[in-house]
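Undergrad: Okay, sequence plus prediction incoming.
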Amino acid sequence: MAKVKLNVNGKDHEVELVDDQHPLLWVLRDELGLVGTKFGCGMAQCGACTVHLNGSPTRSCSVPAIAAVGQKITTIEGLAQNGVLTAVQKAWIDHDVPQCGYCQAGQIMSASALLREKKNPTDADIDSYMQGNLCRCGTYLRIRTAIKSAAKALNGSAS
């Protein structure tokens, strides 16, 4: 076992890893109690476990926690600042995106990264960027609408 320091949501945490391949997902959920990040497939194919590593969307089920040492990790719990939701989180609520809600943390994390890269994404941009995030309930049209609404809010336009 190895003790490592991880910076998660702006705070340093010292955790003990079972082995060098212990996935970041399980450290976040089991060691730090950050259960918003979900286990979906365990093979980085569904996106339910998406977090940001230095701002980039990353599937935490397939990244060894030791690989995240020295990086800035942001989970769904770390997006809102001082109780204020982000434009993406607000848009998700405004457009009733979640049904079961299981995949939504990963969807929001990917959508947030997309909007940092592209201020006004097209439908094709959204579909391409979000293709690695699967929604069991099929709310893809609402997801696209929410992303466009968040883009407008971030760009100072009315939604």
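TA: Structure received. Numbers count the residues shown, from 1 in each chain.
Undergrad: Quickly list the domain ranges of the protein.
TA: The record assigns the chain these domain ranges, following automatic domain parsing: 2-78, 87-154.
Undergrad: For the first one, what is the distance to the chain centroid?
TA: Computed by C-alpha atoms, centre = their mean, to the nearest Å, the separation of domain 2-78 from the middle of its chain amounts to 11 Å.
Undergrad: cool, and stretch 95-109?
TA: On C-alpha atoms, centre = their mean, the centre of stretch 95-109 falls 10 Å from the chain's centre.
Undergrad: tell me which element D12 falls in.
TA: Per DSSP states H and E: D12 is located in strand 11-17.
Undergrad: before we move on, what about K148?
TA: For K148, the element it lies in under DSSP H and E is helix 140-154.
Undergrad: neighbouring contacts of that helix?
TA: With C-beta atoms under 8 Å, 6 or more residues apart in numbering as the test, helix 140-154 has contacts from 86-88, 90-92, 94-97, 107, 111, 114-115, 119-121, 123, 126-127, 130, 135, 158-159. The C-beta positions use only the backbone N, C-alpha and C, and glycine is treated the same way.
Undergrad: So which of the residues you listed sit within helices?
TA: With DSSP state H as the criterion, helices contain 87-88, 90-92, 94, 107, 111, 114-115, 123, 126-127, 130 from among the contacts of helix 140-154.
Undergrad: Give me the PyMOL select line for these, limited to the buried ones.
TA: In PyMOL, this line selects whichever of these come out buried by 16 or more other C-beta atoms under 10 Å:
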select buried, resi 87+88+90+91+92+107+111+114+115+126+130
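Undergrad: Can you add distance to A44 and give the ones in helices among the contacts of helix 140-154 back as TSV?
TA: Below are the ones in helices among the contacts of helix 140-154 laid out as TSV (distance: C-beta to C-beta, whole Å):
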residue	distance to A44
A87	27
V88	22
K90	28
A91	26
W92	23
D94	30
Q107	15
A111	18
L114	18
L115	22
D123	25
I126	20
D127	19
M130	15
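Undergrad: which is the next helix or strand following the strand holding D12?
TA: Counting by DSSP H and E, the element after strand 11-17 in chain order, helix or strand, is helix 24-26.
Undergrad: outside of that following helix, which residues touch it?
TA: The contact list for helix 24-26 (C-beta under 8 Å, 6+ apart) reads T37, F39, C49, V51, S60, C61, V63, P64, A65, A67, A68, I73.
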